[in-house]
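J.: Predicted coordinates and the sequence they were generated for:
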Amino acid sequence: MTYAEALKYLEGVSWLGIRPGLDRIAELLARLGHPERACRFVHVAGTNGKGSTSAMLAAMLSSAGFRTGLYTSPHLLRVTERMRINGAEMPPEGLAAAVDALSAAAQGMAEPCTEFELITAAAFWWFAHERCDYVVLEVGMGGRLDATNVIGRPDCAVITNIGLDHTAVLGDTVEQIAAEKAGIFKGGPAAAYAQPPSVEAVLSRIARSTGTELHFADFSALEPLSDGLEGQDFLYRGRKYHIGLLGEHQLKNAAVALEAARLLGIPEPAAAEGLARAVWPARFELVSRSPCFVVDGGHNPQCVSTTAAALRKYFPGRRRVLLLGVLADKAWREMLDILLPCADEAVCVRPESERALEPEELCAEIRRRGIPACTAPDPGSGADAAAALAGPDGMVCSVGSLYMSGAVRAHILGKEA
């Protein structure tokens, strides 16, 4: 099977959409010989910050000498971005081989797997084939019925910040959503982001019922030391660390990662080295300085609250232009409530998704709120228009959906090359 044929096979079931449940992927993995049993896992669930936290943990494990896989979603440009080993993206031939194996195994199944289930199975097959010691496994959606939860007990479960997202599937309160996330608890140790009391109560109750030893990060033990566009220095529990990721929220994500690293027995020097090396594209990522151009995948109110705080912190007094694209089924009006006070002007584009809000409707709403706005035909031309409006001394922030972040990032970095 070629890479193109593998992509065609995966896309062939996209019409199935989201179908929570473990029966289909469990059957497929059994037919593949249970590749998910070949590695040790760190399983990461949450609403916001799980990708960043996963990237930090994978870098720590790699620094400790483990051959470490990282599975995340969604991707920015290529599906192979979702699977990495020691930071290196899955090669096209790796996907072709994995999909070739699983397509043969899937023949005769009574119920076809969804696209996410197939990609997850391909990841398990590749990580096993490449003899990974550990895999840091990010949940796709929820936890309890997510395809990644087909694994047995992980060496450590991790819960990041929990908020309202995917409410039609997971529930319409943070407590209901927390219960779904805690579905990854299966005994053993777990680290968690400090949550509101009602959410912590849900996580603690499910941890007790599953024999899971739950440890919350202590944010009172966080002490920022320096913070600039080159990264952040901070103390956690009296030890000094550096991260290249920007935003105060990343210090909290780092604290969660450090709690998990302690539970995993990662030596302190490797934990510090991994944190310093960790990268996570399109999360308040500074990709250019002329003008300053930030790409951020914030796509819900909780996410963009951290984006707005970072804009005020890192770019005070500058002209700020937002490059905005959103999905119609997100709380985009509430996102505007949070983001527009940080903006002098906006350019609206359509993310690459059938769920995208048309930029004309977004533009009209922004103008109604008193902020100058215009539309652009695609993310690349929108990035150019926003940069021109910002001027050399201003800045641009692309935000609203991960579905446009990859195209914007590639466009800006291509011009920089």
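T.: Cool, got the structure. Numbering: from 1, shown residues only.
J.: can you pull the pLDDT of the residue nearest the centre of the chain?
T.: Nearest to the geometric centre of the chain sits Gly51, at 3.2 Å (C-alpha atoms, centre = their mean). On pLDDT, Gly51 comes in at 94.
J.: can you check the one 10 residues further on too?
T.: In the predicted model, Leu61 carries a pLDDT score of 98.
J.: swap in Val256?
T.: pLDDT at Val256 comes out at 98.
J.: What is the subsequent helix or strand relative to the strand or helix carrying it?
T.: Assigned by DSSP states H and E, Val256 belongs to helix 248-264. Sequence order places helix 268-277 as the next helix or strand after helix 248-264, per DSSP H and E.
J.: Report the buried residues of that next one.
T.: Ala270, Ala271, Ala272, Glu273, Gly274, Leu275, Ala276, Arg277 (16 or more other C-beta atoms under 10 Å). For the C-beta atoms, the positions are set from N, CA and C on the backbone; glycine is no exception.
J.: CSV please, covering these and showing distance to Met141.
T.: Below are the buried residues of helix 268-277 laid out as CSV (distance: C-beta to C-beta, whole Å):
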residue, distance to Met141
Ala270, 31
Ala271, 29
Ala272, 32
Glu273, 32
Gly274, 27
Leu275, 27
Ala276, 31
Arg277, 28
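J.: and the angle from the helix holding Val256 to helix 268-277?
T.: 150 degrees (axes from the mean of the first three to the mean of the last three C-alpha atoms, to 10 degrees).
J.: And the pLDDT for Asp138?
T.: In this structure residue 138 is Glu, not Asp. 98.
J.: Low-confidence stretches in the stretch 51-200 of the chain?
T.: Flagging of the stretch 51-200 of the chain using pLDDT under 70 yields the residue ranges 164-171.
J.: His242 against Ala276, yeah?
T.: Yes. In this structure His242 lies within contact range of Ala276 using C-beta atoms under 8 Å: 4.7 Å.
J.: which residues do these two both contact?
T.: Residues touching both His242 and Ala276 by C-beta atoms under 8 Å, 6 or more residues apart in numbering: none at all.
J.: Tell me how far the residue of the chain positioned farthest from its centre lies from Arg31.
T.: Here the chain reaches farthest from its C-alpha mean at Gly108, the gap being 33.7 Å by C-alpha atoms, centre = their mean. Noted for Gly108: a distance of 9 Å to Arg31, by C-beta to C-beta, to the nearest Å.
J.: go on, Arg333?
T.: From Arg333 to Arg31 the distance is 46 Å (C-beta to C-beta).
J.: which SS state does the closest residue to Phe219 other than its chain neighbours fall under?
T.: Leaving aside its chain neighbours, Phe219 sits nearest to Ala194 (5.2 Å; criterion: C-beta to C-beta, 6 or more residues apart in numbering). Under the three-state scheme (DSSP: H, G, I helix; E, B strand; the rest coil), Ala194 adopts coil.
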